[in-house]
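>>> below are the sequence and a predicted model for it; my questions follow.
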Amino acid sequence: MPGSDDDLDLLIGAAHAAAEVATRYVGGVLDIVDKPGGAGPVTAADLAVNAVLEERLRGARPGYGWLSEESPDDADRLTREAGFIIDPIDGTRSFIEGSDAWAHSLAVVRGGQVTAAVVFLPLKDRMYTARTGGGAALNRRAIRRSGRADPEGATVLAARPAFDAQHWRGIGAPRVTRHHRPSLAYRLSLVAEGRFDAMLTLRDSWEWDIAAGALILSEAGAVVTDRAGAPLLFNKVWPQARGVLAGTPSVHAALLAGLRPDDAQADET
C-alpha cells in the first residue's frame with residue numbers, strides 16, 4: 001500500500017485539479033441549494049469539485065475508503081485500512097459571497113490518524129501540506145506554530161460566542177485578542193503557520209472540516225485536541241469531534257483549563 005509520501009503527492013495533485021474546477025464557478029451561476037436539517041448551503045461548485053476529487057483519488061487508490069461532505073456516507077469506509085476524508089469546498093458561504101477565504105481540505109487517514117494532508121486556498125495561492133513525521137509546509141516552505149508562552153494577550157481564532165462568559169470558569173473568558181476566519185480548515189492552518197497562537201471552536205465539528213488541518217497543526221508543533229482535551233480520532237462511525245482546541249502548548253493548556261467541562265454547545269459558526 002502506498003505510504004504517506006505517495007499519498008501526499010496524490011493529494012497535492014488532486015487539490016490543484018479541484019481548484020481548476022472551483023475557480024471556473026467564481027462569479028458564475030452556482031445553483032445554490034440549502035441542505036436538509038439546517039446543514040448549510042451547497043452549490044454546483046461543491047458538487048463538481050467533489051466529483052473530480054472522487055474520480056481522481058478513488059481512481060488512484062481504489063482500496064481506500066471515502067468520507068466527503070458532499071457524498072452519502074458509506075459504512076464500507078470503516079472496513080478499509082486507509083481512507084480519504086474530504087471537504088470539497090470548506091467555507092461554502094464565503095465562496096458564495098465572493099470571498100477568497102475558502103479552501104479544499106483533503107486528508108488520508110489510517111487507524112484513526114491522519115497521515116497525509118492538504119489545505120489549499122487557490123485564490124490566495126496558499127497550499128498547506130503535511131505528512132506524518134515530515135513536518136508541515138506552506139507552499140513547500142516549512143512552517144512552525146508560534147513561540148508564544150504567555151496566554152495573556154494571545155491571538156485566538158474563534159467565533160464571538162465562544163468567548164461568552166457562560167462557557168468559562170471563574171471570572172470568565174481569558175484576556176486574549178479574538179480573530180475569525182470563515183473556513184475552519186484555514187483557521188487550523190493559520191495557527192500551524194504561526195500567524196495566530198490558538199484556535200477554538202466549541203461546536204461539534206465534522207471530520208472533513210478538521211482532518212487535514214489537524215495533521216498540519218501537529219506537524220507544526222501545535223497541540224490539537226477536542227474541546228475537552230481528548231485526542232482527535234478520525235474515520236469514526238459518527239464522523240464528528242466534540243469541538244476543537246489547538247495552539248501553542250501553553251496557550252492550549254490555559255484555554256483548556258479555563259473552559260467549563262460541562263458546558264453546553266455554543267451557538268457559534
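Yep, it's here.
>>> any weak-confidence spans in this structure?
Within the chain, the segments meeting pLDDT under 70 span 1, 34, 36-39, 171, 262-269.
>>> okay, helices next: where are they in it?
4-25, 44-60, 92-97, 184-193, 207-219, 249-258 (DSSP state H).
>>> who wins for proximity to residue 175 among these?
helix 249-258 (10.5 Å; Cβ to Cβ). Glycine gets a C-beta too; all of them are placed from N, C-alpha and C.
>>> pull the CA atoms of the closest one into CSV?
Only the C-alpha atoms of helix 249-258 are listed here, as CSV (Å, rounded to 0.1, in the frame of the first residue of the first chain):
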residue,chain,number,x,y,z
PRO,A,249,1.4,24.2,24.4
SER,A,250,1.0,26.9,27.0
VAL,A,251,-1.9,28.7,25.3
HIS,A,252,-3.7,25.5,24.7
ALA,A,253,-3.3,24.5,28.3
ALA,A,254,-4.6,27.8,29.6
LEU,A,255,-7.7,27.8,27.4
LEU,A,256,-8.4,24.2,28.3
ALA,A,257,-8.1,24.9,32.0
GLY,A,258,-10.5,27.9,31.6
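>>> show me what it is packed up against.
strand 198-201, strand 223-225, strand 244-247 (3 or more Cβ pairs under 8 Å, 6 or more residues apart in numbering; DSSP states H and E).
>>> that older thread, distance to residue 120 and mean neighbour count added to the helices of the chain, as TSV?
Listed next are the helices of the chain as TSV, based on distance: least, Cβ to Cβ, whole Å; neighbours: other Cβ atoms under 10 Å:
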stretch	distance to residue 120	mean neighbour count
helix 4-25	4	19
helix 44-60	11	18
helix 92-97	13	18
helix 184-193	9	28
helix 207-219	9	29
helix 249-258	26	19
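>>> how about JSON lines for the helices and strands packed on helix 249-258, with mean neighbour count and distance to residue 186 added?
Output for the helices and strands packed on helix 249-258, formatted as JSON lines (neighbours: other Cβ atoms under 10 Å; distance: least, Cβ to Cβ, whole Å):
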{"stretch": "strand 198-201", "mean neighbour count": "28", "distance to residue 186": "10"}
{"stretch": "strand 223-225", "mean neighbour count": "20", "distance to residue 186": "15"}
{"stretch": "strand 244-247", "mean neighbour count": "27", "distance to residue 186": "13"}
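>>> just to revisit the earlier point, could the helices of the chain go into CSV alongside distance to residue 130?
Below are the helices of the chain laid out as CSV (distance: least, Cβ to Cβ, whole Å):
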stretch, distance to residue 130
helix 4-25, 8
helix 44-60, 17
helix 92-97, 23
helix 184-193, 8
helix 207-219, 4
helix 249-258, 18
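>>> still on that earlier bit, dump the helices and strands packed on helix 249-258 to TSV, plus distance to residue 2.
Listed next are the helices and strands packed on helix 249-258 as TSV, based on distance: least, Cβ to Cβ, whole Å:
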stretch	distance to residue 2
strand 198-201	31
strand 223-225	25
strand 244-247	28
